[in-house]
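# here is a sequence with its predicted model. Questions after.
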Amino acid sequence: MSESTLPGALVTNAENDVMDVLGADVAVPQPQRFKEGVKIVLRFLVVFGIAMVLWELVKFIGGSPWRFSTADGALFNLEWFPPFEWKIASDLNMPHLWDIFGALIQPAQRNGPPLVNVLAQAAVVTMTAALAGFLIGTAVGLFLGTVFAHSALLERSLVPYVVASQTIPILAIAPMVVVWLRAGWWSVALLAAYLCFFPVTINTLRGLRSPDPRAIELMNSYAASTWATLWKVRYPSALPYIFTALKIAATTAVVGAIIGELPSGIREGLGGAIMNFNQYYAITPHKLWAVIIFTAVVGILFFITVTLVERVMTRNMRKLEG
Amino acid sequence: MSVVTIQAVNKIFGKAPNQTVALQDIQLEIEQGEFISLIGPSGCGKSTLLRIIGDLITPTNGTVLVNGKPAEKARLDRDYGIVFQAPVLFDWRSVEKNVQLPLEIMGKSSQERVARANQMLELVELNGFQKHYPYQLSGGMQQRVSIARALSFHPQLLLMDEPFGALDEITRERLNAELLNIWSHTKTTIVFVTHSIPEAVFLSTRVVVMSARPGRITQVIPIDLAQPRGMETREQPRFYELVTQVREALRGSEGIK
Amino acid sequence: MTAPTQKTLTASRAASNKASRVAWSDRVRYYLPTLLIFFAVLILWESLVRAFGVKQFILPAPSAILEAFFGSLTQMINLGLYTGAEALGGFIIGCSLGIGVSLATSRWTTARETLLPVAIAANSVPIIAFAPVMNNWFGVSNQFSKMAIVAVITFFPMMINMTRGLTLVEPSALELMRSYAVSEWTVLKEVRIPNSLPYMFNAFKVCSTLALIGAVVGEFFGGTRDALGVYITQEAAQFRFQNSWAAIVIACLLGIGFYLIIVAVERLAIPWHASVRKTDQ
């Protein structure tokens, strides 16, 4: 029910109503939930199946000639010449799916480990930076959000900048950040953190403001300290907002880490791998495709992880639509 | 001729084994010009019954006739207007445009639409607010706009689902009086869902008392208070007697289970 | 009985008129801390760079950046126009497709419920990784290659938000329309589409930023020297950081401008929506 609406980068402004609360969550019994899950997975498979069939169909109609043969062509030799010749569907632009997936299990370099192993290592490098950035960005965001929620003056003076910082293509400064931090791993993490902090800040602020005023009055009637109110009322009611932001941040952290690698000359990560195979696109396009698909899967996995953590932590809370 | 005829209507939600009997064996006849209140504890199916009359929900079995035709035909002929608990005004339309919505849908000329909308806004005493947007009005005013919208195409039947449930007592009493005034002017038949006993007694010609689980009609109480009714009606001893009678009927219906 | 309400309303409107008259000085006072911080940071930055003699390649002073900016103003504007055109083109293609698909599937529940989770998943993919493929497909120096990646990036948020806007309609509003016995098309026109407008504008705002990021980052993967992304990286590689920063200033202005235009259009298009309303009430 509560996937993030907002894409890669951000929640744009404080009035953003996509995140408005839309009534209580309907309790769904466990087995039904499981069924729902299976249904979603099945639908996914159907959509991807259709996409793959379409891909090959386009190649069948307008791609490069198809050739299946044994190594020496002795045993069998099948050929298919598509009726049309579309540039976009050539083997260079749209490699066969089996070539792409085949590239993953074939060695990346002669006598090296399979590509998928190389990419897994690259993913570890990138994801470490992304995770570090994600954690730093989240921590900063939570801190700033909390401070802003308690100081109108600070909120007024700084929030416009937080918002403005997101209307600019911040990745443009990637090359500078990389120079400051001497092209290190940290520069990548820092970029990821920068991209993460904004949605977390804004949504923490909104979440901490979200409790029913009467709940706050109740706490005041107990003469509760600001801290107690914060922990017992404000943070719990902010959780759905914060998680919505975390899901956005999870995606942006990965994007930030990959982009950060580009100008930094780091070649061990996924961004580096993309750069690397991009140079050999003319010879081995299917390898670049393999890298990109691998990257996509990593991105989705990170997102799913955060979503699952959210499900567990906000099990009994009302959900945010949006 | 009766405006609404309900015969042997049952409504079952869900599939076995976890099905709920929302309505059981409902029989009801509503005559032209009546003001009928459906009252009962929550879960007694009064809103469901209202929606069945309006063909927004289909009964599991039984017959519903509105103006002598099947409920669906009556809906397609736009024989009734409906008012919900929430005003359901469209934020993007001004007050006037909201009232004109059904008229637009029915393809009336713009002159007629304006004339009717003005007339209706006059009726609900909101003249001068034509160009306002819903968010600029109070809750009570919004609900009056929604009544104006429901009446704008002069339907013979008005269905109201706890229209004043979300309003404060003072506003509610004022709108009650206003609604009676509108009713006597327009001669519209009204079916009104509420869970307020005084409201039901004050407004109705007959009060239909329902029980929950399964939803059934337990008693129909005629209200013989003199028309026209006003603020002083609420102070008459007969008013209190009837309130007590309805209350006891409700209590009795709870006992049935 | 309406008389008093009407009077209070008129009174409150009069009050709000009065408020808008004094609003300017109030607004200035309200944003004063914000402005002060802006100048304070600039002054601090400038003086720190001067005081400690920070090397140009680490952080150029604001004055140096401004100098580079105005020194080659025409070039900067051209860079902005070139990349801005890519971002705008891709934005238009991606958003139109997103709106189109969600309108097309709004009636067809199975299609919608199947596509939506896929779109959400796709949205969590670092789509920018496809930029090199687009460069190869349409040619590195062809502006359309950047538009294509921008279109893919903006498509998903647009489609997701639009679909939400078309489907998250008050149930009683649908009941009301059913009581009028109207066609699905009328429901779409009278209820679903107006209801989706705020969602659409939200998506526009999000997509405007994504479009610019997509264009600039797409250029990191290669492009002509007329492009912002290429210029930024090349100047940085040659340690002419004031130029890179000047180009970043252009990128920021583009981003803020794009965003503000959308906000302005939003105010005109949906004056009734909570995010836009003037403060009556």
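That came through fine.

# which residue packs closest to C:Val187, ignoring adjacent ones?
C:Met177 (4.9 Å; Cβ to Cβ, 6 or more residues apart in numbering or on different chains). (C-beta placed from N, C-alpha, C; glycine too.)

# go on, A:Pro114?
A:Ile105 (5.1 Å).

# please apply the same query to B:Leu180.
Computed as Cβ to Cβ, 6+ apart, the closest residue to B:Leu180 that is not its neighbour in sequence is B:Arg229, at 5.8 Å.

# please apply the same query to B:Thr58.
B:Ile52 (7.4 Å).

# distance of the one you found relative to B:Ala86?
Note on B:Ile52: its distance to B:Ala86, by Cβ to Cβ, to the nearest Å, is 20 Å.

# if we can go back for a sec, and for the residue nearest to B:Leu180, the neighbour number?
Each residue near B:Arg229 was counted by other Cβ atoms under 10 Å in any protein chain shown, and the total is 20.

# and it, its phi and psi?
phi -100, psi 150 (degrees, to the nearest 10).

# so, low pLDDT: which residues of the stretch 101-250 of chain B?
For the stretch 101-250 of chain B, no stretch has pLDDT under 70.

# an error on my part: the question was meant for chain C.
In chain C (pLDDT under 70), the answer is C:1-23, C:57, C:274-281.

# per-residue pLDDT, the residue nearest to B:Thr58?
pLDDT, B:Ile52: 94.

# what is the burial count for it?
Neighbour tally, B:Ile52, other Cβ under 10 Å: 23.

# wait, it sits on B:Thr63?
No - counting by Cβ atoms under 8 Å, B:Thr63 is not a contact partner of B:Ile52; they are 10.7 Å apart.

# overlap in contacts, the two.
Residues touching both B:Ile52 and B:Thr63 (Cβ atoms under 8 Å, 6 or more residues apart in numbering or on different chains) are B:Ile6, B:Val9.

# still on that earlier bit, now name the helix or strand holding the residue nearest to B:Thr58.
Following DSSP states H and E, one finds B:Ile52 within helix B:46-53.

# any buried residues in the next helix-or-strand element following that helix, and which?
Next along the chain after helix B:46-53, taking DSSP H and E as the criterion, comes strand B:61-66. By neighbour count on 16 or more other Cβ atoms under 10 Å in any protein chain shown, the buried set for strand B:61-66 is B:Gly62, B:Val64, B:Leu65, B:Val66.

# which residues of chain B lie near chain C?
Counting by Cβ under 8 Å from any Cβ of the partner chain, chain B comes close to chain C at B:51, B:54, B:56, B:75-78, B:80-82, B:84, B:86, B:88, B:90-93, B:101-102, B:105-106, B:125-129, B:133-136, B:138, B:141, B:174, B:178.

# list the ones among these that fall in helices.
B:Arg51, B:Arg75, B:Leu76, B:Leu101, B:Pro102, B:Ile105, B:Met141, B:Arg174, B:Glu178 (DSSP state H).

# quick check: the closest residue in space to the fifth one that isn't next to it in sequence vs B:Ser2, distance?
By the measure of Cβ to Cβ, 6+ apart, the closest residue to B:Pro102 outside its immediate chain neighbours is B:Phe153, 5.0 Å from it. The spacing between B:Phe153 and B:Ser2, counted by Cβ to Cβ, is 22 Å.

# which residue ranges of the stretch 1-150 of chain A form strands?
Secondary structure of the stretch 1-150 of chain A (DSSP state E, counting those that start in this stretch): strands at A:66-69, A:77-80.

# ok, and which of those strands has the densest surroundings?
strand A:66-69 (a mean of 12; mean count of other Cβ atoms under 10 Å in any protein chain shown).

# and that one, what does it pack onto?
strand A:77-80 (3 or more Cβ pairs under 8 Å, 6 or more residues apart in numbering or on different chains; DSSP states H and E).

# what lines up beside the strand it packs on in the sheet?
Strand A:77-80 has the following strand partners under DSSP bridges: strand A:66-69 (antiparallel).

# outside of stretch B:14-21, which residues touch it?
Here stretch B:14-21 makes contact (Cβ under 8 Å, 6+ apart) with B:Asn10, B:Lys11, B:Ile12, B:Phe13, B:Arg213, B:Pro214, B:Gly215.

# any idea which of the residues you listed is closest to A:Asp99?
Top of the list for closeness to A:Asp99, among the contacts of stretch B:14-21 and by Cβ to Cβ, is B:Phe13 at 54.2 Å.

# that closest one reaches B:Gly43, doesn't it?
No - using Cβ under 8 Å, B:Phe13 makes no contact with B:Gly43, being 11.3 Å away.

# thinking again about what came up before, quick one: buried residues of the helix or strand hosting the residue nearest to C:Val187?
Here C:Met177, judged by DSSP H and E, is contained in helix C:171-179. Within helix C:171-179, the residues scored as buried using 16+ other Cβ under 10 Å are C:Ser172, C:Ala173, C:Glu175, C:Leu176, C:Met177, C:Arg178, C:Ser179.

# and stretch C:133-148, by the same measure?
C:133-138, C:140, C:143-148.

# ok, that stretch near chain A or not?
Yes - contact of stretch C:133-148 with chain A (Cβ under 8 Å from any Cβ) involves C:Val133, C:Asn135, C:Asn136, C:Trp137.

# leaving out chain neighbours, which residue sits closest to the last one?
Once flanking residues are discounted, C:Trp137 sits nearest to A:Asn93: 5.3 Å by Cβ to Cβ, 6+ apart.

# any idea how far the one you found lies from A:Leu115?
Remark: distance between A:Asn93 and A:Leu115 (Cβ to Cβ) = 20 Å.

# which of the two has more residues huddled nearby?
A:Leu115 (22 against 18).

# check contacts around B:Glu29.
B:Ser2, B:Val4, B:Thr5, B:Ile6.

# nearest to C:Val216, of these?
B:Val4 (66.0 Å).

# surely the closest one meets B:Leu65?
Yes - assessed by Cβ under 8 Å, B:Val4 is found in contact with B:Leu65 at 7.1 Å.

# the residue of the stretch 101-250 of chain B found nearest chain A: how many residues sit nearby?
Going by Cβ to the nearest Cβ, chain A is nearest to B:Tyr135 of the stretch 101-250 of chain B, at 13.4 Å. The number of residues packed near B:Tyr135 is 14, by other Cβ under 10 Å.

# also C:Ser72?
C:Ser72: 15 neighbours (other Cβ under 10 Å).

# residues in contact with it?
Residues in contact with C:Ser72, defined by Cβ under 8 Å, 6+ apart, are C:Asn243, C:Ala246.

# looking at the stretch 201-322 of chain A, which residue is nearest chain C?
For the stretch 201-322 of chain A, Cβ to the nearest Cβ, closest residue to chain C: A:Phe303, 3.5 Å.

# what helix or strand is that residue on?
helix A:285-313.

# which positions within that helix qualify as buried?
A:285-296, A:298-300, A:302-303, A:306-307, A:310.

# which residue does chain B have closest to chain A?
For chain B, Cβ to the nearest Cβ, closest residue to chain A: B:Asn18, 10.1 Å.

# can you read off the pLDDT for that residue?
Listed pLDDT for B:Asn18 reads 75.

# count of residues packed around it?
Other residues close to B:Asn18 by other Cβ under 10 Å number 7.

# give me the buried subset of the contacts of stretch B:14-21.
B:Asn10, B:Lys11, B:Ile12, B:Pro214, B:Gly215.

# which stretches of the stretch 101-250 of chain B form strands?
Using DSSP E, counting those that start in this stretch, strands in the stretch 101-250 of chain B cover B:157-161, B:189-194, B:206-211, B:216-222.

# most tightly surrounded among those strands?
Mean neighbour count (mean count of other Cβ under 10 Å) peaks for strand B:189-194 among those, with a mean of 26.
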